[in-house]
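A.B. asks: Mind looking at a prediction? Sequence and model below.
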Amino acid sequence: MDALKDRMIDAALPHVAFDGWSAATFRKAVEDAHVTPAQGRAAFPRGAIDLALAFHRRGDAEMVQRLRGGDLTDMRFRDRIAHAVRLRLEIAGDNREAVRRGITLFALPIHAADGAAAVWGTADAIWDALGDTSQDVNWYTKRATLAGVYSSTVLYWLGDQTEGHSATWDFLDRRIDDVMQIEKMKAQVRKSPILSSLMAGPNMILNQIRAPIRPPRGDLPGIWRDPS
């Protein structure tokens, strides 16, 4: 099934630039991949929307593989995050129009939840690949913050015409610097006796939040499961 999905994604990409992630593209992908319509629907029950999501997840998987195969020990942690986001965009670079068409698709209200889940999945994949072990509310805040950084950087990247996308990487560095300023402010709040006392109540509630239990396959980040 994985091989069939890859064949259909590869067959779809030349058509996406013209027809978007549409029913027409899905039909052409079925034809060009030399599979039956039944096989195509078995692989992608919702058709083009599932095809677009599979394309996105394939990019995430390649990013994770490269991150885990690289040596990041000499990098500061903020630089590791920037490297991961840049790597993810470089992987998508050969299919920039497919990314643009995907954003158009997921901007539709009916598919907005799928688009948000895809971005969340990318942020989750990055944190997991970088060895995040948080089990409290930080599990959520890290991914939510990175999802915002990733989303804004993708939009900037799509409109960037500078050589080597240098303006995008500068933009990415500025966004991560902004996040680091927030982390510094949070540290200052924790060190202040007055502010710490004011936050005692909210912190008591936040300390009860735990990271979700992963599904058996681990491919649906943020889904709660009963450990029994």
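C.D. replies: That came through fine.
A.B. asks: ok, Asp10 - contacts?
C.D. replies: Ala33 (C-beta atoms under 8 Å, 6 or more residues apart in numbering). Using the backbone N, CA and C atoms, a C-beta is placed for each residue, glycine as well.
A.B. asks: So it: helix, strand or coil?
C.D. replies: Put simply, Asp10 is helix when judged by DSSP: H, G, I helix; E, B strand; the rest coil.
A.B. asks: Could you tell me the per-residue confidence at it?
C.D. replies: Note for Asp10: predicted pLDDT of 97.
A.B. asks: could you check the distance from it over to Ala3?
C.D. replies: Using C-beta to C-beta, to the nearest Å, Asp10 is found at 11 Å from Ala3.
A.B. asks: got it, and Arg57?
C.D. replies: As for Arg57, its distance to Ala3 is 15 Å (criterion: C-beta to C-beta).
A.B. asks: Can you give me the domain boundaries for the protein?
C.D. replies: 1-45, 58-192 (automatic domain parsing).
A.B. asks: ok, of these, where does mean pLDDT dip lowest?
C.D. replies: Lowest mean pLDDT within those: domain 58-192, at a mean of 91.
A.B. asks: thinking again about what came up before, in TSV, list the domains of the chain along with distance to Ala52.
C.D. replies: Converted to TSV, these look like this (distance: least, C-beta to C-beta, whole Å):
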stretch	distance to Ala52
domain 1-45	4
domain 58-192	5
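A.B. asks: Sticking with the residue positioned nearest the centre of the chain, tell me its helix or strand.
C.D. replies: The residue lying closest to the centre of the chain (C-alpha atoms, centre = their mean) is Thr122, at 1.9 Å. Per DSSP states H and E, Thr122 falls inside helix 112-129.
A.B. asks: Please identify the buried residues of that helix?
C.D. replies: 114-115, 117-129 (16 or more other C-beta atoms under 10 Å).
A.B. asks: Skipping its backbone neighbours, what lies nearest Asn95 in space?
C.D. replies: Leu13 (5.8 Å; C-beta to C-beta, 6 or more residues apart in numbering).
A.B. asks: who touches the one you found in this structure?
C.D. replies: Residues in contact with Leu13, defined by C-beta under 8 Å, 6+ apart, are 55, 95, 98.
A.B. asks: so what secondary structure elements neighbour the helix holding Thr122?
C.D. replies: Judged by 3 or more C-beta pairs under 8 Å, 6 or more residues apart in numbering; DSSP states H and E, the packing partners of helix 112-129 are helix 48-69, helix 77-92, helix 96-106, helix 138-158.
A.B. asks: wait, which of those helices is closest to Trp169?
C.D. replies: Smallest distance to Trp169 across the helices and strands packed on helix 112-129 (C-beta to C-beta): 6.1 Å, for helix 77-92.
A.B. asks: Surely Ile91 and Val64 touch.
C.D. replies: No - in this structure, Ile91 is not within contact of Val64 by C-beta atoms under 8 Å, at 10.5 Å.
A.B. asks: Comparing the two, which shows the higher neighbour count?
C.D. replies: Counted by other C-beta atoms under 10 Å, Ile91 and Val64 do not tie: Val64 has more neighbours, with 19 against 16.
A.B. asks: Could you find the closest non-adjacent residue to the more buried one?
C.D. replies: In space, and not counting its chain neighbours, Val64 is closest to Ala129: 4.7 Å by C-beta to C-beta, 6+ apart.
A.B. asks: Ok, Ile9 next?
C.D. replies: Of all residues not flanking Ile9 in the chain, Phe55 sits nearest, at 5.1 Å (C-beta to C-beta, 6+ apart).
A.B. asks: so what's the one you found up against?
C.D. replies: 9, 12-13, 95, 98, 102.
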